[in-house]
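[1] Sequence first, then the predicted structure:
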2 protein chains.
Amino acid sequence: MEFDAKTPIYYQIEQYINREIIIGHLRPGAQVPAVRQLAITLTVNVNTIQRALANLIGAGILVPERGKGNFVTTDQKVLGKMKQSMIEGEFKALYDHLAALELSPEEMTTAFAQYVQTQQGGERHE
Amino acid sequence: MEFDAKTPIYYQIEQYINREIIIGHLRPGAQVPAVRQLAITLTVNVNTIQRALANLIGAGILVPERGKGNFVTTDQKVLGKMKQSMIEGEFKALYDHLAALELSPEEMTTAFAQYVQTQQGGERHE
DNA sequence: ACTAGTGTACTATTTATCTATTACACTAAG
DNA sequence: CTTAGTGTAATAGATAAATAGTACACTAGT
């Protein structure tokens, strides 16, 4: 996996797992891959995985069972809040930065719409 | 100034100065505030300011003149590229994350438009 | 019991970031 | 020439993030 060098890896892993849950690759009640397996998959140290999972456990998103593994919570309230704050966070980051560039709300939406357009046709991956 | 704890301060200062240039608070040829002054204003160490400025100088956005100060370049080509990459970078971050959430392009634009709407009425700052 | 697969804990080491402090070099004004 | 204002360099120390490696604890299947 590719990481942004300017943000902590453990944090990026938290986001990644959250996304996997939102998408449905990890369903409520499902077991998260073993820490040692995740470490290999994400080419990262076990301790870094552990730190990310610890945060997710603290947030109630994952539920640990010693000797068995970590499992996605079945608490829909927790999952709903997580999804909400994930998306809101993404939007807020862009909104704040564009606001700092003194773009009007209309300019923001149209500019972003235009960008999405450019990504449509030109999705070349080499 | 407020900094995000999860990204290097020097990098956030680079972005901040870029935005000041884009907005027009710092015009081409204008002198950037003195490093010691910036350190006080941004409540940050001089070395951190220096590191940010060094990167901007390396990018050709700022031009240093020993004993006099740092000045915004008058090279419109450089400034144009900077502005372009700043905005593109913002858009790309949101686009990639929403794509990871498997949103369609239409959903992205409408969802962001809706978010901007919510920011319209509710801009309470207390 | 044994074993393989889980999570968990701990220490040590490296690297990047940030701070603090001091010193030096150049420019312009008096 | 002196001084105040600039940038610049260099050292030392503190903290956070990530790695490496080892060890321990619990669970389930044999």
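    Thanks, I have the structure now.

[2] before we move on, which element is the spatially closest residue to A:Y95 that is not a sequence neighbour in?
    Residue nearest to A:Y95 in three dimensions, not counting chain neighbours: B:Q119, with 6.0 Å by CB to CB, 6 or more residues apart in numbering or on different chains. C-betas here are computed from N, CA, C, even on glycine. Assessed by DSSP states H and E, B:Q119 sits inside helix B:105-121.

[3] what do you get for A:G29?
    Applying DSSP H and E, one finds A:G29 in no helix or strand.

[4] That one: neighbour count?
    Neighbours of A:G29 under the rule other CB atoms under 10 Å in any protein chain shown: 10.

[5] for it, phi and psi?
    With angles defined as degrees, to the nearest 10, A:G29 sits at phi 90, psi -10.

[6] who touches it in this structure?
    By CB atoms under 8 Å, 6 or more residues apart in numbering or on different chains, the residues touching A:G29 are A:F71, A:V72, A:T74.

[7] Return the member of those nearest to B:I23.
    If you rank these by distance to B:I23 using CB to CB, A:V72 comes first, at 43.7 Å.

[8] Is that closest one in contact with A:H25, as I believe?
    No: using CB atoms under 8 Å, A:V72 is not in contact with A:H25, being 10.3 Å away.

[9] quick one: which of those two has more around it?
    Shown here are A:V72 and A:H25; by other CB under 10 Å, A:V72 has more neighbours (21 against 11).

[10] roughly how far apart are the more buried one and DNA strand C?
    12 Å (CB to the nearest atom of the strand, to the nearest Å).

[11] which helices and strands sit right next to the helix holding B:Q119?
    Helices and strands touching helix B:105-121, by 3 or more CB pairs under 8 Å, 6 or more residues apart in numbering or on different chains; DSSP states H and E, are helix A:76-100, helix A:105-121, helix B:76-100.

[12] Dump these to a markdown table, plus mean neighbour count, distance to A:V35 and mean pLDDT.
    Listed next are the helices and strands packed on helix B:105-121 as a markdown table, based on neighbours: other CB atoms under 10 Å in any protein chain shown; distance: least, CB to CB, whole Å; pLDDT from 0 to 100:
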| stretch | mean neighbour count | distance to A:V35 | mean pLDDT |
| --- | --- | --- | --- |
| helix A:76-100 | 15 | 21 | 94 |
| helix A:105-121 | 15 | 35 | 92 |
| helix B:76-100 | 15 | 22 | 93 |
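
[13] any chance of those helices in JSON lines, plus distance to B:V35?
    Shown next, in JSON lines, are the helices and strands packed on helix B:105-121 (distance: least, CB to CB, whole Å):
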{"stretch": "helix A:76-100", "distance to B:V35": "22"}
{"stretch": "helix A:105-121", "distance to B:V35": "33"}
{"stretch": "helix B:76-100", "distance to B:V35": "20"}
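
[14] Just give me the residue closest to the centre of chain A.
    Nearest to the mean C-alpha position of chain A, counting by CA atoms, centre = their mean, stands A:Q15 at 2.4 Å.

[15] how much space is there between the closest residue to A:E90 other than its chain neighbours and A:I22?
    Here the nearest residue to A:E90 in space, its sequence neighbours aside, is B:H97; by CB to CB, 6+ apart that works out to 5.0 Å. Going from B:H97 to A:I22 by CB to CB, to the nearest Å gives 11 Å.
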